[in-house]
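Student: need a 3D model of the following:
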Amino acid sequence: MKRVWPMLKRLLHDARGVSVTEFAIVLPVFITLGMYGAEIAWMNSAAMEASQVAIALADNASRLGQTDNSGVTPTITGADIESVLTGATEEGATIGLAQNGRVILSSLETHSVTGKQYIHWQQCMGDLKKSSDFGKPDLTGSALSKVASGLALGKTKITAPTGSSVMVAEVWYNYKGLFGTMFVKPFVMHEQAAMIVRDNRNTGPGVSNVLTKTSCS
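Tutor: Residues are numbered from 1 along each chain as shown. Reported below is the predicted structural model:
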């Protein structure tokens, strides 16, 4: 003990390497905080990207037919819808929307017979298996339909005026963490947007030449 005690006293008062020791202790903490910050930033960025895609999809779909100069009220075709859906997935390429998400475009209209709100047609694109929150098209315009009195986007009730329609866009995105499940488990984001059609549109026949490529089945 006579030999050990002096050594322990010298070790106790030895200040060499303190900075290195402190750095080694706090480094894992700072790395963890930095990784967590990056995770939160990327998650918020992905949510904003999905929201912007939904807004752009609804806006672009509401403008379909504006450049038609034939003098006849335009009817939307399957090719028209495919073009805006493809544009939406391309806009979301940064987050891999086509592979990890699904974009859904629905046409909310007023039924010509019942006067109820109903989804006339609906088209989708993306590999994620998700359905619309508002249900499938119901050509009967039933009072029992989920959207018979209007469509709820958050706290706002959306209704389509007679003879026109509202383009309703939904974006589903399966978010996976930058660092696996270290900070957040995978979950599905859901963003919505709606825009009233900007010009006259022939809502009678719905969609002509519908392509199976954009089917929601």
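Student: how far does stretch 179-186 sit from its chain's centre?
Tutor: Centroid separation for stretch 179-186 versus its chain: 19 Å, with Cα atoms, centre = their mean, to the nearest Å.
Student: which residues touch that stretch?
Tutor: For stretch 179-186, the external contacting residues (Cβ atoms under 8 Å, 6 or more residues apart in numbering) are Met35, Tyr36, Glu39, Ile40, Met43, Asn174, Tyr175, Lys176, Gly177. All C-beta atoms are positioned from the backbone trio N, CA, C, and that covers glycine.
Student: restricted to strands, list those.
Tutor: Using DSSP state E, the subset of these located in strands is Asn174, Tyr175.
Student: pull out the buried members of the contacts of stretch 179-186.
Tutor: Glu39, Met43, Asn174, Tyr175, Gly177 (16 or more other Cβ atoms under 10 Å).
Student: where does this protein dip in pLDDT?
Tutor: For the chain, the stretches with pLDDT under 70 are 1-2, 11-17, 65-74, 206, 208-212.
Student: ok, which stretches of it are strands?
Tutor: Going by DSSP E, the chain shows strands at 76-77, 101-110, 117-125, 151-153, 156-158, 165-175, 187-196, 207-208.
Student: what is the third one packed up against?
Tutor: Using 3 or more Cβ pairs under 8 Å, 6 or more residues apart in numbering; DSSP states H and E as the contact criterion, the elements in contact with strand 117-125 are helix 78-91, strand 101-110.
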